[in-house]
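[1] Sharing a model that was predicted from the sequence below.
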Amino acid sequence: MAEVGKTETIEKKKPVIAVGDGPAIPSKEDVGLFTAWRVSMTGALAIIAYLAISKPDPYLAILKFVPDGILVTFQVTIEAILLALLIGLFTGLGRISKNKIINGIASVYVEVIRGIPLLVQLFYIYFALGRVVNLPAMVSAVIAMSVCYGAYMGEIFRAGIESIPQGQMEAARSLGMSYPQAMIHVILPQAFKTILPPVGNEFVALLKDSSLVSILAVSDLLRRGREFAAQSFTYFETYTMVALVYLVITLFLSKLVSIMEERISVD
Amino acid sequence: MVQIQNVYKFFGQLKALDNVTLDIYDSEKMVIIGPSGSGKSTLLRSINKLETIDAGQIIVDGFDISNPKTDINKVREEIGMVFQSFNVFPHKTVIDNINLAQTVVRKRSKKEAVEISRELLNKVGILEKANEYPGKLSGGQQQRVAIARALAMKPKLMLFDEPTSALDPEMIGEVLEVMINLAKEGMTMIVVTHEMGFAREVSDRVLFMDYGAVVEEGTPEHFFKNPTQERTKLFMSQIL
């Protein structure tokens, strides 16, 4: 008898926010994509191994030269995503705010940022604002990336919060909770599940976009590759290796996101 | 306990509440009936300001909640509400559902909250489900969790918004039983429902609403035996 009365509110499937960016996150039901992931991953690793062994000069030399850059790429990505999450949370809350001024600020921020290419934003913060405040390249890079991704994150947070049934907020408020208390204890923990997959997707996209910061004298993976190529004139070999390393990293991260997503949907 | 005076509420062109005036006394049990869209839920939700009224005055437990300066959170602490769709928190276990507002709003210690929660779960008959997640519970059980969650705040007034309408017939009884016990303990209750059995057994007064206005009020016997208004007669014949 206990099974009979399950309600629609609880049973309803959580809406999925589809953000098309980065390599698609493979889920087990999606058989085609799943095998595509395997083919790409094993293929990339096999090619890297084959090149490094059969032609150590320059391929192995390249592999030894770029790890510093990989660390920088991860550093930029992780710092930017953390800051972007924070900006995104407040932007998302601003976008659903009934206060016209707060809502206006958040909406204009999203519109403006989404309308300007990331590369232009990077140049703007580093070179144009460089005349007013002189920020180190790394700091400019992280700020520009997070301000840009914060706008997209804001939309994800907004959609995630709006996916929670109205009744949850009403129930929390009817118990005497303030709006912030209801958000923190009731709405956001539930929205988290819906938000996580698109956030993971954004993380992968951000990692790829972080290659743009190589222009600002930040020694990330791409820039390290450029440095190596400039010394050895092995442009083809170097960029082949750089591309393969990026591919392996993003494929690995996509997989990680999909595992995390599965774990969460089990609970 | 509750004074409602000349209250109006509009949804666009629609008059959801049309000059409603009403007094609810301490420990009174009032049942509100009426066809869907008659404003009965809107009236109930106005009492804890889930709906904001457009004109008139509502005073609950001495607080004028139609005054924007009144701290509505303080007033809501004293008003329990039970919803048609339960609205239990699916990400928290049953006992944490009941603990949450006690610790966050009433600032009780975790230990004290757990004690009260267990006592209430026992009272509504689902203590053994304390550590389950609501998704594993039947509708009737979820609704009993929701009632316990509201009672944990030790409210002075309980509002029920069609608490059994989303339930399968065989689960209505278990929820009504909890409500009947609560009524016998002297809780002030305002209940929007179609369960005339409940109205007959515990209510002091029945209110019939239509098109946002109170059409008729009286004892349950009055409604069963000789309602005066034509609309009331028609409605009663449809639901009985």
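    Received it, and whenever you're ready, just let me know what you need.

[2] switch to C-alpha atoms for all contacts and neighbour counts from now on
    Noted.

[3] So residue B:215, which state does it fall into?
    When the structure is split into helix, strand and coil by DSSP: H, G, I helix; E, B strand; the rest coil, residue B:215 lands in strand.

[4] do you know how far it is from residue B:206?
    Relative to residue B:206, residue B:215 is positioned 11 Å away (criterion: Cα to Cα, to the nearest Å).

[5] What confidence value was assigned to the nearest residue to residue A:179 once chain neighbours are set aside?
    Spatial nearest neighbour of residue A:179, chain neighbours left out: residue A:173 (7.0 Å); criterion: Cα to Cα, 6 or more residues apart in numbering or on different chains. Among the per-residue scores, residue A:173 holds a pLDDT of 96.

[6] mind listing what the closest residue to chain B within the stretch 101-250 of chain A touches?
    Across the stretch 101-250 of chain A, the shortest distance to chain B (Cα to the nearest Cα) belongs to residue A:176, at 4.5 Å. Contacts were defined as Cα atoms under 8 Å, 6 or more residues apart in numbering or on different chains; by that measure residue A:176 touches B:72, B:73, B:74, B:75, B:76, B:77, B:101, B:105.

[7] For chain A, tell me which of those residues show up nearby.
    Filtering the contacts of residue A:176 for neighbours of chain A using Cα under 8 Å from any Cα of the partner chain leaves B:72, B:73, B:74, B:75, B:76, B:77, B:101, B:105.

[8] Top of the residues you listed by number of neighbours, please.
    Of all those, the highest neighbour tally under other Cα atoms under 10 Å in any protein chain shown goes to residue B:101, namely 27 neighbours.

[9] Tell me which helix or strand comes right after the host helix or strand of it.
    Residue B:101 belongs to helix B:94-104 when elements are defined using DSSP states H and E. Read in the C-terminal direction, the helix or strand following helix B:94-104 is helix B:110-123, with elements assigned using DSSP H and E.

[10] if I look at the residue of chain B most remote from its centre, how far off is residue A:51?
    Going by Cα atoms, centre = their mean, the residue of chain B most distant from its centre is residue B:111, 28.3 Å out. Between residue B:111 and residue A:51 the distance, using Cα to Cα, works out to 64 Å.

[11] Around chain A, which positions in chain B sit nearby?
    Counting by Cα under 8 Å from any Cα, the residues of chain B lying close to chain A are B:48, B:50, B:72-77, B:79-81, B:83, B:85, B:87-91, B:101, B:104-105, B:135-140, B:150, B:153, B:166-168, B:171.

[12] Next one, pLDDT for the residue of the stretch 101-250 of chain A closest to chain B please.
    Model confidence at residue A:176, given as pLDDT, is 93.

[13] Contact partners for the residue farthest from the centre of chain B?
    By Cα under 8 Å, 6+ apart, residue B:111 lies in contact with nothing.

[14] what do you get for residue A:45?
    Residue A:45 touches residue A:248, counting by Cα under 8 Å, 6+ apart.

[15] the longest helix in chain B is where?
    The helix spanning the most residues in chain B, taking DSSP state H as the definition, is helix B:169-184.

[16] Ramachandran coordinates for the residue nearest to the spatial centre of chain A?
    The central residue of chain A, meaning the one whose C-alpha is nearest the mean C-alpha position (Cα atoms, centre = their mean), is residue A:203 at 1.7 Å. The main-chain torsion angles of residue A:203 are listed as degrees, to the nearest 10 and equal phi -60, psi -50.

[17] rewinding a little: may I see the buried residues of the helix holding residue B:101?
    When neighbours are counted by 16 or more other Cα atoms under 10 Å in any protein chain shown, the buried residues of helix B:94-104 are found to be B:94, B:95, B:96, B:97, B:98, B:99, B:100, B:101, B:102, B:103, B:104.

[18] quick one: which of the residues of chain B next to chain A sit in strands?
    B:79, B:80, B:81 (DSSP state E).

[19] what about the last one, distance to residue B:15?
    Put plainly, it is residue B:81. Separation of residue B:81 from residue B:15 (Cα to Cα) stands at 24 Å.

[20] So between these two, which is more surrounded?
    Just comparing residue B:81 and residue B:15: by other Cα under 10 Å the higher neighbour count belongs to residue B:81, 30 against 16.

[21] before we move on, the earlier item: point out the other helices and strands that the longest helix of chain B packs with.
    helix B:139-151, helix B:196-202 (3 or more Cα pairs under 8 Å, 6 or more residues apart in numbering or on different chains; DSSP states H and E).

[22] next SSE after the shortest one?
    Which is helix B:196-202. From helix B:196-202, the next helix or strand downstream (DSSP H and E) is strand B:205-210.

[23] Return the alpha-carbon coordinates of that next one using PDB.
    Taking C-alpha atoms only, strand B:205-210 is exported to PDB below (Å, rounded to 0.1, in the frame of the first residue of the first chain):
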ATOM      1  CA  ARG B 205     -18.800  26.500  11.700                       C
ATOM      2  CA  VAL B 206     -19.000  25.900   7.900                       C
ATOM      3  CA  LEU B 207     -18.500  28.700   5.400                       C
ATOM      4  CA  PHE B 208     -19.700  28.400   1.800                       C
ATOM      5  CA  MET B 209     -17.900  30.700  -0.700                       C
ATOM      6  CA  ASP B 210     -18.700  31.400  -4.400                       C
END
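
[24] Show me the contact partners of it.
    Contacts to strand B:205-210, defined as Cα under 8 Å, 6+ apart, come from residues B:29-35, B:37-40, B:199, B:214-220, B:223, B:232.

[25] Could you pick out the buried ones from the residues you listed?
    Restricting the contacts of strand B:205-210 to buried positions leaves B:29-34, B:38-40, B:199, B:214-217, B:219-220, B:223, B:232, with burial counted as 16+ other Cα under 10 Å.

[26] what does the model give residue A:13 for pLDDT?
    pLDDT recorded at residue A:13 is 55.

[27] Can you name the next helix or strand after the worst-scoring helix or strand of chain A on mean pLDDT?
    For chain A, counting by mean pLDDT, DSSP states H and E, helix A:8-11 ranks last in confidence among helices and strands (a mean of 42). Secondary structure here is assigned by DSSP H and E; on that basis, the next helix or strand after helix A:8-11 toward the C-terminus is helix A:31-54.

[28] average pLDDT across that next one?
    The average pLDDT for helix A:31-54 rounds to 88.

[29] Any buried residues in it, and which?
    With burial defined by 16+ other Cα under 10 Å, the residues of helix A:31-54 counted as buried are A:33, A:34, A:37, A:41, A:44, A:45, A:48, A:51, A:52.

[30] could you give the angle of whichever helix or strand comes after that helix to helix A:31-54?
    Sequence-wise, the next helix or strand downstream of helix A:31-54 (DSSP H and E) is helix A:56-65. Relative orientation of helix A:56-65 versus helix A:31-54 (axes from the mean of the first three to the mean of the last three Cα atoms, to 10 degrees): 120 degrees.

[31] re the thing from before, can you mark which positions in the longest helix of chain B are buried?
    So for helix B:169-184, counting by 16+ other Cα under 10 Å, buried means B:171, B:172, B:174, B:175, B:176, B:178, B:179, B:182, B:183.
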